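>>> Provided below are the primary sequence and the corresponding predicted coordinates.
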Amino acid sequence: MRSPARNRVRQLATAAIAAHLLWEALTLRRARNTARTALAVPPPAPGRDGTDEPPVLHVLVPGLGEQLYVARTVAAFAAVRDAYPQAYIWFVTTARELAPSGGETTRAVLERQLQRMDARRIAVVEDPRPQGNKASQLNWAVEYIDQKFGGDEKSWIGVFDFDSQPPPQTATWVAATAQASSAEAIQVVPIGTTTLAGPPKRAASRAVVYAEALHQAARSLGVERWKLDRASDRRRMPQYLVGAGMFVRRDALRSVGGFPFVDDVPLGYRLFLEGARFTTVPVLNRVDLPDTVTAHLGSLKLIARGITSWPSALAATRRRPGVRQRDRLRLTALGVADTAEITIYPWLAAGLTPSLLRGPWPGRLLAVAWWAFPLAQTAVMRRVLAGELDEGSWSVPAGAVAAASVGRRFWRTAGTWRLAGDTLRSRLRGKTVTFTKSTRTTVTTGAPR
């Protein structure tokens, strides 16, 4: 017979699993509803009215080992620049990148590409320091822009990953939204729909990457875009930012000390605690999916580093006047829930499943629903993304997608446990935890991020 304390722990664990399953169901419902407008053709960007000076947008596109992306990326951001006269595009390379054997660095390929086109308001700048990471690369670029333009506090700093494909009207929409709202942060929500190299050659890899695309889209639409839409109605909720399409007003970025180590998620946490207002625009930023399983799994540690940064964000504002205790509690709740999702929920459910199946019918129903829900989510998102992910080109059998969808519950935790292991080893050996650029088949260097 189990002890009362053990029964109590089991009841709490079961309640946690049930609550998370309910949250997943609500997320899927919101994703389906949000997709009706988010995936539709957006309306024309509003024209400028009034006498206010239009905001200046500085769009940073950091690059490291992106040689094969250059032509596509330059074309996309040149179109963004052309559509809005106050947009400046800065491709930010780094001296940390070494040229591949017999090849060129990203900077060299970019400069050659820009020589073939109208390069007004678009340039390559390089962080000359031999050490650093993506965040330090971005901070260096911001200081460079401040020196060149005088540090206009009302200008906006945007950041896009190098594989981004924002619509040409993106900057126009961001500028119009900045003028019409009082927001300090504007997020262009990314959604992974393509791969430069095409779907992976191996069927198992295609199943994993395809399942990840479906499930990540549910989060992008049902959590990130949904919350930002609510924030537009002045509902304050804990927010994080996503580095593939975030814009922050220069004075707000300065108030939180620039880009933190992981440049997007903790930045959003800090801005939320400082009382910043968030909003979005009615366009999506299409980004590339990882084209190998290794690339996908390799990115999970960096994602885990961002999600678990909420304690440091809270600590940094402990003595800051004006930070509301209610916001601190709400961020703590978000951080605990997101951390549990990427650490223990699947393992907790796996451990509880045998006893749930032997118990009363509510427990049996919960166990079945927990393992069956990823299949329902996959089925719904396949319909939602029918116009984005061509099933014919992916040619993934339904059984393989189903297996990958259930397996995703477990592999989502890999990054956190890898981060924990690396952190423990670093403390025992006195070394620093390292983060490297995820290796895609299109990447020619694995230099540290």
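Yep, that arrived.
>>> and the average pLDDT for stretch 132-148 is what?
For stretch 132-148, mean pLDDT is 93.
>>> how close does the residue minimising distance to the centre of the chain get to residue 303?
Nearest to the geometric centre of the chain sits residue 242, at 3.8 Å (C-alpha atoms, centre = their mean). Taking C-beta to C-beta, to the nearest Å as the measure, residue 242 falls 10 Å from residue 303. (Each C-beta comes from the backbone N, C-alpha and C, glycine too.)
>>> is it true that residue 245 touches residue 166?
Yes - using C-beta atoms under 8 Å, residue 245 is in contact with residue 166, at 6.7 Å.
>>> quick one, which of the two is more surrounded?
residue 245 (29 against 26; other C-beta atoms under 10 Å).
>>> next helix or strand past the lengthiest helix in the chain?
Scanning the chain for the longest helix, with DSSP state H as the assignment, gives helix 4-38. Moving toward the C-terminus from helix 4-38, the next helix or strand (DSSP states H and E) is strand 57-62.
>>> what's the offset of that following strand from the middle of its chain?
16 Å (C-alpha atoms, centre = their mean, to the nearest Å).
>>> repeat for stretch 24-37
The answer for stretch 24-37 is 18 Å, by C-alpha atoms, centre = their mean.
>>> how about the strands in the stretch 101-250 of the chain?
Ranges of strands within the stretch 101-250 of the chain are 122-127, 156-159, 185-187, 190-194, 246-249, based on DSSP state E, counting those that start in this stretch.
>>> give me the contact list for the first one.
Right, the one you point to is strand 122-127. 74, 77-78, 81, 88-96, 107, 110-111, 114, 136-137, 140-141, 144 (C-beta atoms under 8 Å, 6 or more residues apart in numbering).
>>> would you mark the buried spots in that strand?
122, 124, 125, 126, 127 (16 or more other C-beta atoms under 10 Å).
>>> do the same with stretch 297-310
Here stretch 297-310 shows 297-298, 300-310 as buried, counting by 16+ other C-beta under 10 Å.
>>> repeat for stretch 286-297
Using 16+ other C-beta under 10 Å as the test for burial, stretch 286-297 gives 286, 287, 288, 289, 290, 291, 292, 293, 295, 296, 297.
>>> in the stretch 301-449 of the chain, which ranges drop under the pLDDT threshold?
The stretch 301-449 of the chain contains residues with pLDDT under 70 at 431-449.
>>> and stretch 254-268, how far from the chain's centre?
In terms of C-alpha atoms, centre = their mean, the centre of stretch 254-268 is found 14 Å from the chain centre.
>>> same check, this time on stretch 328-335
19 Å.
>>> chain center to the host helix or strand of residue 296: distance?
Element membership for residue 296 (DSSP H and E) is helix 293-307. Here helix 293-307 is found 11 Å from its chain centre; the criterion is C-alpha atoms, centre = their mean.
>>> keeping just the C-alphas, turn the next helix or strand after that helix into PDB.
Next along the chain after helix 293-307, taking DSSP H and E as the criterion, comes helix 310-316. C-alpha atoms of helix 310-316 as PDB (Å, rounded to 0.1, in the frame of the first residue of the first chain):
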ATOM      1  CA  TRP A 310      13.800  33.600 -16.500                       C
ATOM      2  CA  PRO A 311      15.500  33.300 -13.000                       C
ATOM      3  CA  SER A 312      18.300  35.600 -14.200                       C
ATOM      4  CA  ALA A 313      15.800  38.100 -15.600                       C
ATOM      5  CA  LEU A 314      14.000  38.200 -12.300                       C
ATOM      6  CA  ALA A 315      17.300  38.600 -10.400                       C
ATOM      7  CA  ALA A 316      18.400  41.400 -12.600                       C
END
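>>> now do helix 310-316: everything it contacts.
Contacts for helix 310-316 (C-beta under 8 Å, 6+ apart): 266, 269, 270, 273, 328, 331, 332, 334, 335, 338, 339.
>>> right, and the helix or strand after that helix?
On the C-terminal side of helix 310-316, the closest following helix or strand by DSSP H and E is helix 325-341.
>>> follow-up on the earlier one: minimum distance to residue 376: which of the strands of the stretch 101-250 of the chain has it?
Shortest distance between residue 376 and these, using C-beta to C-beta, is found for strand 190-194: 20.3 Å.
>>> ok, so of the buried residues of stretch 286-297, who is nearest residue 217?
Comparing the buried residues of stretch 286-297 against residue 217 with C-beta to C-beta places residue 289 closest, at 10.2 Å.
>>> who's in contact with that closest one?
By C-beta under 8 Å, 6+ apart, the residues touching residue 289 are 192, 193, 194, 195, 209, 212, 213.
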